[in-house]
Structures are given as C-alpha cells and as structure tokens.
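Participant: Take this sequence and fold it.
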Amino acid sequence: MTRAAIRFLILDVDGVLTDGRLTLDREGKEPCKTFHVHDGAAIQRWRASGGTVAILSGRRSDAVAARAAELGIARVRQGVPADEKGAVLEGLLAETGIDALDVCYIGDDLPDLPAMAQCGFAVAVADAAPPVKRAANYVTRRPGGHGAVAEVIDLLLQESVGARQA
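Facilitator: Numbering: from 1, shown residues only. All right, here's what the predicted structure looks like:
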C-alpha cells in the first residue's frame, strides 16, 4: 500500500477537526465548536479530486452536523461509543465498497486506536496521546484544530499527483 492509493479519509472531530477543547454553557450544553478554515478548504480539494470523506466522532454536536453539511460530507457518524469505532469503520467500508487499505484515519486519542489499526494509513495529530502517536504511520506537525487535516490532505494529494506522473 502506498499513500497515493488512499481514497477514503475518515476523521475524528474533537482533537482533530477542533483543538479538543469543549466550551460548555451554564446548562452543560456545548454551544459551539471552532473549526480551522484550512481544514475545510483542504477537505473540499480532497472531495474535488474524487476522494471520499467521513466523520466518526464519539460525541454528538449540531455544530459538527452543520460543518459536515457545509463541506458536503454525507457520511457522519456521531455519538459512537469508544469500543464501537472499529465496527462503525467496518460499516463505512461495507457501505462505500472501499478496501481498508485505501483508508486514511486521523485520530488523536485512545478511542481512535481500533479504527487506526484497521486502515491502510493511520495518522495522529501532533498533540495526540502518546499511544496514538506510536500507533500512527504518520504524525502531523500541526496540532488538531490548527490545520492538521489540511496537512494530511496536502500530503496525500501531492503523493497522488506524483504517482500519476511517474
């Protein structure tokens, strides 16, 4: 498997698409999340190149659903228990018909490990938990929520273009 073969990008949210901080109001509700514009632009480039994207998150958030819709991400799985992320990833593979070796999963914390172990290219963001970094094929220079997803997409697109030119 080469990184140029990656066709499916599966993203965790908290700590990957966001910086991992949770802002709660007085009632304990999560009123907002902050996403980096570079990640959104890169996701659009990825989709325009023919790549598939899914979100796989342990938490539920209206902000995530809204951002996914804005970016045209149809496959959004929220509220996935930590011990079910691997099974949900398998369901996404069955739904899309994409082989696990053609998947890049980007995570940051221990619940991401089972999904990372199943895919062809496992990525940890720079500020990921140490065991996640050790399990990764690649660790970003940028932390989660600060363009880490854009960094990975740029790498994958660059390698894909290089492979086509070779």
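
Participant: what residues are up against the closest residue to residue 75 other than its chain neighbours?
Facilitator: In space, and not counting its chain neighbours, residue 75 is closest to residue 54: 3.7 Å by C-beta to C-beta, 6 or more residues apart in numbering. For the C-beta atoms, the positions are set from N, CA and C on the backbone; glycine is no exception. If you count contacts by C-beta atoms under 8 Å, 6 or more residues apart in numbering, residue 54 has them with 8, 9, 10, 11, 73, 75, 76, 77, 92.

Participant: quick one: strands adjacent to the helix or strand where the second one lies?
Facilitator: Residue 9 is part of strand 8-11, with elements assigned from DSSP states H and E. Strands adjacent to strand 8-11 in the sheet, as given by DSSP bridges, are strand 52-56 (parallel), strand 103-107 (parallel).

Participant: among these, which is the most enclosed?
Facilitator: strand 103-107 (a mean of 29; mean count of other C-beta atoms under 10 Å).

Participant: Make a markdown table out of the strands paired with strand 8-11 and add mean pLDDT.
Facilitator: Shown next, in a markdown table, are those (pLDDT from 0 to 100):
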| stretch | mean pLDDT |
| --- | --- |
| strand 52-56 | 97 |
| strand 103-107 | 97 |
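
Participant: how about TSV for the ones you listed, with distance to residue 30 added?
Facilitator: Compiled in TSV, those are given as follows (distance: least, C-beta to C-beta, whole Å):
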stretch	distance to residue 30
strand 52-56	16
strand 103-107	20
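
Participant: low-scoring pLDDT stretches of this structure, where are they?
Facilitator: 1-2, 160-166 (pLDDT under 70).

Participant: please redo it, this time with the cut-off set to 90
Facilitator: Within the chain, the segments meeting pLDDT under 90 span 1-5, 21-33, 159-166.

Participant: how about the strands in it?
Facilitator: According to DSSP state E, the chain carries its strands in the segments 8-11, 52-56, 75-77, 103-107, 121-124, 138-139.
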